[in-house]
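Next one to model:
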Amino acid sequence: MPVLSLADVYRARRRIDGRVTHTPLLASATLSRIAGTDVYLKLETTQPTGSFKLRGATNALAELAERGIRKVVTASTGNHGRAIAYAARALGMEAAVCMSALVPKNKVDAVTALGARVVVAGKSQDEAQAEALRLAGEEGFVFVAPFDNLNVIAGQATIGLEIMEALPDTASIVVPLSGGGLFSGVAFAAKRVNANVAMIGVSMERGAAMHASLAAGRPVLVDEVETLADSLGGGIGLDNEHTFALTQELADSVVLLDEVSIGRGIVHAYQEERLVIEGAAAVGIAALLDGRIDRVVLKNGPVVLVVSGANIDIGLHRRLIQEA
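Below is the predicted model of the structure:
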């Protein structure tokens, strides 16, 4: 099995330079007061596509373009598909994106607007991926996995490099956890710089595939259901090659949150941080608000929360704020 290296991460950073945003790392006075230590927000919401996914997608597609490949297909819960569409357009490639019926309409529309061919298939990420693999086999597309792909992981890992370079005394990093591409990438880079950095993954209680797989000691299937953290939905694949093993090795702890907590995180981000973020991006904030981050970990020094994306349905966001 190919192994990720720090050289891959630096290569990814060179490849995506000028194509993605070097995102800000901002201190949060409110969350610092609550946590009793310095808390910083890594704002991947400022990427052109509104989420961290642009890093991995750009690295993966640029590497394929270097090899002369011009047609790509993927499966997505929304943000990866948007990133693939954006990167493909920038690189002059043809892209198809398969999404399940659970993907919010605003995310489907965003992919369409970027010129990608959109295919809505099935009621789960696994079913959407099956359709993407069919297109790859029958129509000559190259499949780009949304997370279980070394070039995608290396692209996301550049976030870890940016955090450690901007804040070398970072003691812990809290990362949304789904298929593991973001988590394993950030954790890999951060721990290669400082092996003592605590890596905390956060997911939702409803359909947390990576958490269930870690508990079982192997990739397992879970039912995908609606959740405020829709970007964290979907399985990790029973044939997972990279992210399960990396997450198993690098995760110091995993926290699960209920829907009320996730909603509270979205509301806090808006009211206190002046940020409009989606549910998946709010889980780190929610975990801190709920006291779910170990106090011993917090005492070790600065905490960085990776705020992964801003692509929430604005009607849903408005309702959550009005009901708060």
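
can you pull the buried residues of stretch 302-314?
By 16 or more other Cβ atoms under 10 Å, the buried positions in stretch 302-314 come out as 302-312. In this view, the C-beta of every residue, glycine as well, is placed from N, C-alpha and C.

pLDDT wise, what is Gly233 at?
On pLDDT, Gly233 comes in at 89.

what's the burial count for the nearest residue to Met204 once chain neighbours are set aside?
Excluding the flanking residues, the one nearest Met204 by Cβ to Cβ, 6 or more residues apart in numbering is Ala229, at 4.3 Å. Number of residues near Ala229 (other Cβ atoms under 10 Å) recorded here: 30.

got the contact list for Ala229?
176, 203-204, 257, 262, 278-280, 282-283 (Cβ atoms under 8 Å, 6 or more residues apart in numbering).

And for Leu167?
Applying Cβ under 8 Å, 6+ apart, we find Leu167 in contact with 25, 40, 302, 304.

thinking again about what came up before, tell me which of the buried residues of stretch 302-314 fall in helices.
Nothing among the buried residues of stretch 302-314 maps onto helices, per DSSP state H.

Just name the closest of these to Ala212, please.
Looking at these and their distance to Ala212, the nearest is Ser308, at 20.6 Å (Cβ to Cβ).

Which ones among the contacts of Ala229 lie within helices?
In helices, defined here by DSSP H, the members of the contacts of Ala229 are 262, 279-280, 282-283.

can you give me the strands for the stretch 1-150 of the chain?
Taking DSSP state E, counting those that start in this stretch, the strands of the stretch 1-150 of the chain run over residues 25-27, 39-43, 71-75, 94-99, 117-120, 142-143.

before we move on, back to that, among the contacts of Ala229, which one has the most neighbours?
When neighbours are counted as other Cβ under 10 Å, the busiest of those turns out to be Val283, with 35 neighbours.

What are the neighbouring residues in contact with that one?
Val283 is in contact with 176, 202-204, 229, 232, 255, 257, 262, 265, counting by Cβ under 8 Å, 6+ apart.

Just the local confidence number for it, please.
98.

do Pro2 as well
Reported pLDDT for Pro2: 63.

List just the nearest of the contacts of Val283 to Ala116.
Closest approach between those and Ala116, by Cβ to Cβ: Leu232, at 22.1 Å.

Could you look up the SS state of the closest residue to the closest one other than its chain neighbours?
Spatially, and ignoring its direct neighbours in sequence, Leu232 is nearest to Ser178 (4.0 Å; Cβ to Cβ, 6+ apart). State at Ser178, reduced to three classes by DSSP: H, G, I helix; E, B strand; the rest coil: coil.
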